[in-house]
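Visitor: Okay, sequence plus prediction incoming.
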Amino acid sequence: MKKDSFGKRASRDMRRNWPLYLMVLPVVIFYILFCYKPMVGIIIAFKDYKPNLGIWGSPWTSQHGLYHFISFFDSIFFTRVCVNTIMISLYSLVFGFPAPIILALLMNELKNQKFKRVVQTITYFPHFVSTVVICGMVRQFCLSDGLFNEIGSWFGAQPQSLLQVPEYFRTIYTATGIWQGIGWNSIIYLAAIAGVDSGLHEAAALDGAGRFRRIWHITLPGIKPTIVILLIMQIGGMMSVGYEKIILLYNESIYETADVISTFVYRRGLLEFNWSFSTAVNLFNSLLNFILVFTANAISRKVTETSLF
């Protein structure tokens, strides 16, 4: 029997499920207009963009359009911003990624529902606080007479402005990120844990397995696909450390550990009006993320048989 062509099958499916396609249509239009259409502007990475000439009227750069890329690679800031971006991402990956998993496992073991709701409320709340407010609090806490130094004085530490010390920035950035996101990020793991068969826990308990062994051999394997997918997504965004929080926290005295690709692009693009150069740097950054997510996905598919695609 001859198999129908893809066009016929698609047409038949659209007629059968037209309400679903109608619901998806606004989302598709949104992405086309506000995500894919503006991507045409990427071309200015290869041009010497002049606002009065427009995207198409601006001249191409030298070195076959790669002038801005080569300038970035030859820049004295290239190594610094790349290393800082990778280090901050690794801090977040090593310490920040497991934190909501651990919180979800602990909350799942709580039997007192009232106490559990209190813990959830306390841990979820920071997510809804503005980043500006969070950073303002952190800056106050890190002053020489702030909360952190007050606590440190109990153990004999000398007071100092913590955000003026380059070695402390990554720790402060990561710790505040964990505090702000641990509760909210644990929700998806709690949902995954709820899908684990409770009968397995009951059978293991009858066989004498303790709580820790049940978590290790039943709960964690049950939510492994969720963990792997989220891990792939986080690895894929390792080179995309956001600039908002860093700009609100850093200063010139700690650029050596705080300056990342996104803040470098912000300064060169928005403050110095070098749009072509900043677009080239961001395009390079996006290509790295693209490679990372595909690499992580391929490794995961081979090792765990779980992948995004």
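Guide: Received the coordinates, thanks. Small disclaimer: the values here were computed from a predicted structure and weren't measured.

Visitor: okay, CA-based contacts and neighbour counts for the rest of this
Guide: Noted.

Visitor: Please list all residues in contact with residue 256.
Guide: Counting by Cα atoms under 8 Å, 6 or more residues apart in numbering, residue 256 touches 80, 84, 166.

Visitor: Looking at those residues, spot the one nearest residue 35.
Guide: residue 84 (28.1 Å; Cα to Cα).

Visitor: For residue 142, see how far away the closest one is.
Guide: Taking Cα to Cα, to the nearest Å as the measure, residue 84 falls 21 Å from residue 142.

Visitor: same thing with residue 205?
Guide: 47 Å.

Visitor: Between these two, which is the more surrounded one?
Guide: Higher neighbour count among residue 205 and residue 142: residue 142, with 20 against 14, using other Cα atoms under 10 Å.

Visitor: Might you report the residue contacts of that one?
Guide: 148-149, 161-163.

Visitor: Of those residues, which belong to helices?
Guide: Residues of the contacts of residue 142 located in helices (DSSP state H): 148-149.

Visitor: so which of the contacts of residue 142 comes closest to residue 251?
Guide: So of those, ranked by how close each gets to residue 251 (Cα to Cα), first place is residue 163, at 8.0 Å.

Visitor: thinking again about what came up before, going by neighbour count, which of the contacts of residue 142 are buried?
Guide: 148-149, 161-163 (16 or more other Cα atoms under 10 Å).

Visitor: Using TSV, please lay out the residues you listed together with pLDDT and distance to residue 96.
Guide: Listed next are the buried ones among the contacts of residue 142 as TSV, based on pLDDT from 0 to 100; distance: Cα to Cα, whole Å:
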residue	pLDDT	distance to residue 96
148	87	20
149	86	24
161	89	24
162	89	21
163	89	20
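
Visitor: can you put those residues in a markdown table and add distance to residue 133?
Guide: What follows is the buried ones among the contacts of residue 142, written out as a markdown table (distance: Cα to Cα, whole Å):
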| residue | distance to residue 133 |
| --- | --- |
| 148 | 17 |
| 149 | 20 |
| 161 | 19 |
| 162 | 18 |
| 163 | 16 |
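
Visitor: And the helix or strand hosting residue 296, what does it pack against?
Guide: Here residue 296, judged by DSSP states H and E, is contained in helix 275-303. Applying 3 or more Cα pairs under 8 Å, 6 or more residues apart in numbering; DSSP states H and E, one finds that helix 275-303 contacts helix 67-74, helix 224-236, helix 261-266.

Visitor: so how far is it off the chain centroid?
Guide: 13 Å (Cα atoms, centre = their mean, to the nearest Å).

Visitor: Return the set of buried residues in it.
Guide: 275-286, 288-289, 292-294, 296-298, 300.

Visitor: ditto for stretch 69-87
Guide: 69, 72, 78, 80-81, 83-87.

Visitor: Make TSV out of those and add distance to residue 242, pLDDT and secondary structure.
Guide: Output for the buried residues of stretch 69-87, formatted as TSV (distance: Cα to Cα, whole Å; pLDDT from 0 to 100; DSSP: H, G, I helix; E, B strand; the rest coil):
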residue	distance to residue 242	pLDDT	secondary structure
69	21	93	helix
72	19	93	helix
78	17	94	helix
80	16	93	helix
81	13	94	helix
83	15	94	helix
84	12	94	helix
85	10	94	helix
86	12	94	helix
87	14	94	helix
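
Visitor: hang on, the earlier thing: relative orientation of the helix holding residue 296 and helix 224-236 in degrees?
Guide: 150 degrees (axes from the mean of the first three to the mean of the last three Cα atoms, to 10 degrees).

Visitor: any idea of the angle helix 275-303 forms with helix 67-74?
Guide: On the basis of the same axes, to 10 degrees, helix 275-303 is oriented at 70 degrees to helix 67-74.
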